[in-house]
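Novice: model the following, please.
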Amino acid sequence: MAPLDTAAAGLTVTPLAHALGAEIVGVDINQAPSADLVAAIRSAWNRHHVIVFRGQQFEAAGMLRFAQAFGALDDHAATPFYRLEEYPQLLQITNRQIGGKPSETRNTGRNWHSDYSYTDHPAAASMLFCVERPPVGGDTMFCNMVRAYEELSPPLRAFLDGLDVVYDVGLTAGINERDPAKTAEVRRLNPPIAHPAVRVHPDSGLRALYVSERSSHFHGMTAAESRPLIDHLCAHATRPENVYRHVWRPGDLVCWDNRTTMHVALADFDQTKPRHMLRATLLGEKSGFVVG
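Specialist: Just a heads-up that it's a prediction; the model follows:
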């Protein structure tokens, strides 16, 4: 596909993979974006689901101002131990030591998921800035959940349209390797919660599958009944032809729509080498109901 030139806003949008992902050139995230620029970026974002801005300089205030142009920000109260001290709207995803101890987010994102799906305000979108990356590896993969839904058979789509799926923070890969007291508090703050198994995007109207490796079961179904279907849907969604793999560079800002994608952070790197990221999270609409 040829690059999409958004001339009115001075942007060039170049697809990075067939299924999803595009790089946008012509944006400085530390400059307050105009309404026209936000509209142009949002249009490209709705089309490609994951957008990448390279060669950016990190300024906390600038990144937050840029993120807030697209919606209200989460203060990460669901995971209160991992926030940047001066800026609670920025979550540290790092393997650097914090306070002389191993970081609690050093193993974040190791299974396929969408952010904060285990809360009553699942994330609308995430913006992750790469401060430092290991010499090799540490990539992130994304999959297109709109395409995953559309490529299911009509009877299965109709079945899923009527289901709620239960998310459990305890299914977060690596959570039991963290501080037990902090883990217990995160579990207390986030009891199992059910959300629709198919979400309708509020801007584009697209329908997207909303089932991940952090789903325990479908509400009203047993775990034994649910597990084969959950496993099938996750395998279907994450087929190589439905995935974009991002190779990080310092200065990358990668933004993804949690309503139309899943992602996984790969542990394919030397864990003694630093990987330091900062994330702003756009607050999603309230949905779901607590189970149990």
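Novice: tell me which residues touch His219, please.
Specialist: Contact criterion C-beta atoms under 8 Å, 6 or more residues apart in numbering gives 163-166, 194, 291 as the residues in contact with His219. Any C-beta I mention is one placed from the backbone N, CA and C, and that applies to glycine too.
Novice: list phi and psi for Thr281.
Specialist: Main-chain torsions, Thr281, degrees, to the nearest 10: phi -120, psi 120.
Novice: all further residue positions should be reported with the first residue as 40.
Specialist: Right, with 40 as the first residue, what we last looked at is Thr320.
Novice: per-residue confidence for the closest residue to Gln136 other than its chain neighbours?
Specialist: Of all residues not flanking Gln136 in the chain, Ser142 sits nearest, at 6.6 Å (C-beta to C-beta, 6 or more residues apart in numbering). You'll see Ser142 listed with a pLDDT of 90.
Novice: and what of Thr147?
Specialist: Thr147 carries a pLDDT value of 89.
Novice: show me what contacts it?
Specialist: So Thr147 contacts 132, 213, 304 (C-beta under 8 Å, 6+ apart).
Novice: quick check: mean pLDDT of stretch 283-300?
Specialist: Mean predicted lDDT for stretch 283-300 stands at 98.
Novice: swap in stretch 177-197?
Specialist: Summarised as a single mean, pLDDT over stretch 177-197 is 98.
Novice: so what's Ser251 up against?
Specialist: 150-153, 156, 206, 273, 301.
Novice: redo these as a markdown table? Include secondary structure, distance to Thr311 and neighbour count.
Specialist: Output for the contacts of Ser251, formatted as a markdown table (DSSP: H, G, I helix; E, B strand; the rest coil; distance: C-beta to C-beta, whole Å; neighbours: other C-beta atoms under 10 Å):
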| residue | secondary structure | distance to Thr311 | neighbour count |
| --- | --- | --- | --- |
| Asn150 | coil | 23 | 15 |
| Trp151 | coil | 26 | 20 |
| His152 | strand | 26 | 23 |
| Ser153 | coil | 30 | 27 |
| Ser156 | coil | 31 | 25 |
| Tyr206 | strand | 33 | 27 |
| Cys273 | helix | 31 | 20 |
| Met301 | strand | 29 | 30 |
